[in-house]
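J.: with the sequence up front, the predicted model follows.
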Amino acid sequence: MTSTAPPTTPEGRKAQPDHLGHVIFITAAAAMGGFLFGYDSSVINGAVEAIRGRYEVGSAGLAQVIAIALIGCAIGAATAGRIADRIGRIRVMQIAAALFTVSAVGSALPFALWDLAMWRVLGGIAIGMASVIGPAYIAEVAPPAYRGRLGSFQQAAIVIGIAISQLVNWGILNLAGGDQRGKLAGLEAWQWMLGVMVVPAVLYGLLSFAIPESPRFLISVGKTEKAKEVLAEVEGQSVDLDTRVSEIKEAMRREHKSSFKDLLGGRFGFLPIVWVGIGLSVFQQLVGINVAFYYSSTLWQSVGIDPSSSFFYSFTTSIINIIGTVIAMVFVDRIGRRPLALIGSAGMAVALALEAWAFASKTADGTLPTAQGTVALVAAHAFVLFFALSWGVVVWVFLGEMFPNKIRAAALGVAACAQWIANWAITASFPSLSDWNLSGTYVIYAIFALLSIPFVLKFVKETKGKALEEMG
């Protein structure tokens, strides 16, 4: 069905901006934070074994260096909102860009293991800030009729960042003759892998100077005329600017600033709906998804695959991640959140079980028989596909929709914190668990995938097609 009339909002104003391309540029610039989120999160994958060899560190110590960035993520996510309310969204983007840049340079030129860990924490703080400020800014500048589609830029940027980091790692490894510690212009290959992030980090900082401040923030600090200029820029000259400013002011006056106390009152401390949100966040991580992005190169090398091929498989896995994310974005509003989550859980459980079976055949010389090796590779890609088309997107959709208005912000914060903690637990434990029993480790992840099915069936309600005011 086609229409010649431009879309309109309930107030009757024109929803399509005069220069949609400019609005897309603004959104893409803000989503560069998401790109760096994905890039910085997974680029360490290419350096794990080199760091182990360079600093002669065991699995437990290595895991802490890899996982310590997640502490920074939690700090950045917890503080970004408040800082943005004080100094503006653009300034927070610039702070995050500076931290990404410093972290990239420091990680590429560490003196010792302790300062590499410190640079990882700084990068984590930047990731946490980017995870909060990007979606918030995009939601505040996007025209109402395009908010959903433009909001998806952030998730798309994250998965593209993951893929590009693996492609860059693979390219650098090949330039270094397949040796992660091979020398290139005086530095080892792994140092270049971590240092190259300075390029998108600087670009993110430069782009932040080319986009306008959020009209919501401008109104909150009394810069109403400037806010009108931005609204005209992103929503169109025909919009009644005085009405839009009044709407934003009224919405800000009506907002309830939720607090931690609002979440309490249930039999086990938190309200039941808060526990459901925590459960979704934790299950998303306990299936072991970040093992695929932090340790896949190490994993494949541990079963006899050469470094160059292992890096290539990390890249192909990240491409599958993009494909799965696109599938989720297409179907999440068509078939619903719960069906996608259940499909993903079942698919992940089968794929993880197949990986566990394949890794159980690891021979004395640390390789897999041909058949089991093929099954392991296919199952690993299938696992990422089923995660990406379901829990990778659906959990964030659920968390944005499922809570009552009164507690939404605080409950989302608690659920996100639980997710970072679970992420840290999986990331920090994998090297030691794989040393103990690689097949057994994947059995554990498969069990969590299975347990997520009754959890969704019993506790999670469908939010598709419901107004936010109906939740709770």
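T.: The structure has been received and is ready for your questions.
J.: list the contacts of stretch 20-31.
T.: For stretch 20-31, the external contacting residues (CB atoms under 8 Å, 6 or more residues apart in numbering) are 17, 93, 133-134, 137-138, 141-143, 146, 150, 153-154, 156-157, 207-208, 210-212, 233-234. For every residue, glycine as well, the C-beta is placed using N, CA and C.
J.: any of the residues you listed buried? List them.
T.: Buried subset of the contacts of stretch 20-31 (neighbour count, 16 or more other CB atoms under 10 Å): 17, 93, 133-134, 137-138, 141-143, 146, 150, 153-154, 156-157, 207-208, 211-212, 233-234.
J.: residue contacts, the residue nearest to Pro215 when sequence neighbours are not counted?
T.: Leaving aside its sequence neighbours, Pro215 sits nearest to Ala227 (CB to CB, 6 or more residues apart in numbering; 4.1 Å). Neighbour list for Ala227: 215-216, 218-219, 245, 248 [criterion: CB under 8 Å, 6+ apart].
J.: how about Cys417?
T.: Cys417 touches 74, 77-78, counting by CB under 8 Å, 6+ apart.
J.: that one: helix or strand, and which one exactly?
T.: Counting by DSSP states H and E, the element that carries Cys417 is helix 408-459.
J.: and that helix, how far from the chain's centre?
T.: On the basis of CA atoms, centre = their mean, to the nearest Å, helix 408-459 sits 15 Å off its chain's mean C-alpha point.
J.: what mean pLDDT does it have?
T.: Averaging pLDDT along helix 408-459 yields 89.
J.: distance of the residue lying closest to Phe100 once chain neighbours are set aside from Gly288?
T.: In space, and not counting its chain neighbours, Phe100 is closest to Ala201: 3.7 Å by CB to CB, 6+ apart. Applying CB to CB, to the nearest Å, the value for Ala201 to Gly288 is 29 Å.
J.: secondary structure element for the closest residue to Ala30 other than its chain neighbours, which one?
T.: Computed as CB to CB, 6+ apart, the closest residue to Ala30 that is not its neighbour in sequence is Tyr137, at 4.9 Å. Following DSSP H and E, one finds Tyr137 within helix 113-141.
J.: can you check Phe25 too?
T.: Counting by DSSP H and E, Phe25 is part of helix 20-43.
J.: which ones are touching Asp85?
T.: Contacts of Asp85 (CB under 8 Å, 6+ apart): 217, 220.
J.: and it, how far is that from Val221?
T.: Taken as CB to CB, the span from Asp85 to Val221 is 10 Å.
J.: what of Arg82?
T.: Applying CB to CB, the value for Arg82 to Val221 is 15 Å.
J.: so which of the two has more stuff around it?
T.: Remark: of Arg82 and Val221, Val221 carries more neighbours, 14 against 10, as counted by other CB atoms under 10 Å.
J.: residues in contact with the more buried one?
T.: Gly88.
J.: next one: phi and psi at it?
T.: Val221 adopts backbone torsions of phi -110, psi 10, taken as degrees, to the nearest 10.
J.: with Leu187 instead?
T.: phi -120, psi 150.
J.: and Ala176, by the same measure?
T.: Torsion angles, degrees, to the nearest 10, at Ala176: phi -90, psi 20.
J.: can you get me a residue count around it?
T.: Neighbours of Ala176 under the rule other CB under 10 Å: 21.
J.: before we move on, the earlier item: now, the contacts of Cys417 that are in helices?
T.: Counted as lying in helices by DSSP state H, out of the contacts of Cys417, are 74, 77-78.
J.: which one (most neighbours) among the residues you listed?
T.: Neighbour counts for the ones in helices among the contacts of Cys417 (other CB under 10 Å) peak at Ala77, which has 23 neighbours.
J.: tell me the contacts of it?
T.: Taking CB under 8 Å, 6+ apart as the test, what Ala77 contacts is 128-129, 131-132, 416-417, 420.
J.: one more pass at 6 Å, please.
T.: By CB atoms under 6 Å, 6 or more residues apart in numbering, the contact set of Ala77 is 128, 131-132.
J.: burial of the spatially closest residue to Leu438 that is not a sequence neighbour, as a residue count?
T.: Nearest residue to Leu438 in three dimensions, chain neighbours excluded: Phe359, at 4.6 Å (CB to CB, 6+ apart). For Phe359, the neighbour count with other CB under 10 Å is 25.
J.: surely Phe359 touches Asn437?
T.: No: the criterion here is CB atoms under 6 Å, and Phe359 misses it with Asn437 at 8.8 Å.
J.: where does Asp365 land in three-state SS?
T.: coil (DSSP: H, G, I helix; E, B strand; the rest coil).
J.: next, count neighbours for the closest residue to it other than its chain neighbours.
T.: Nearest residue to Asp365, sequence neighbours excluded (CB to CB, 6+ apart): Gly304, at 7.3 Å. Other residues lying near Gly304 total 14 when counted by other CB under 10 Å.
J.: distance check, Gly304 against Asn45.
T.: 18 Å.
J.: show me what contacts Arg338?
T.: Contacts of Arg338 by CB under 6 Å, 6+ apart are Glu462.
J.: which positions in the helix holding Phe25 come out as buried?
T.: Buried residues in helix 20-43, defined by neighbour count with 16+ other CB under 10 Å: 23-24, 26-43.
J.: next, the angle from the helix holding Cys417 to helix 20-43.
T.: 70 degrees (axes from the mean of the first three to the mean of the last three CA atoms, to 10 degrees).
J.: use 22 as the first number for this chain going forward.
T.: Understood, numbering begins at 22; the last thing we discussed is helix 429-480.
J.: wait, what's in contact with the residue nearest to Ala210 when sequence neighbours are not counted?
T.: Distances taken as CB to CB, 6+ apart place Ala197 nearest to Ala210, at 3.7 Å, with adjacent residues excluded. Going by CB under 6 Å, 6+ apart, Ala197 touches 203, 205, 210.
J.: beta partners of the second one?
T.: Right, Leu205. Leu208 (DSSP bridges).
J.: name the nearest residue to Phe238, ignoring sequence neighbours.
T.: Excluding its sequence neighbours, the residue lying closest to Phe238 (CB to CB, 6+ apart) is Gly109, at 5.2 Å.
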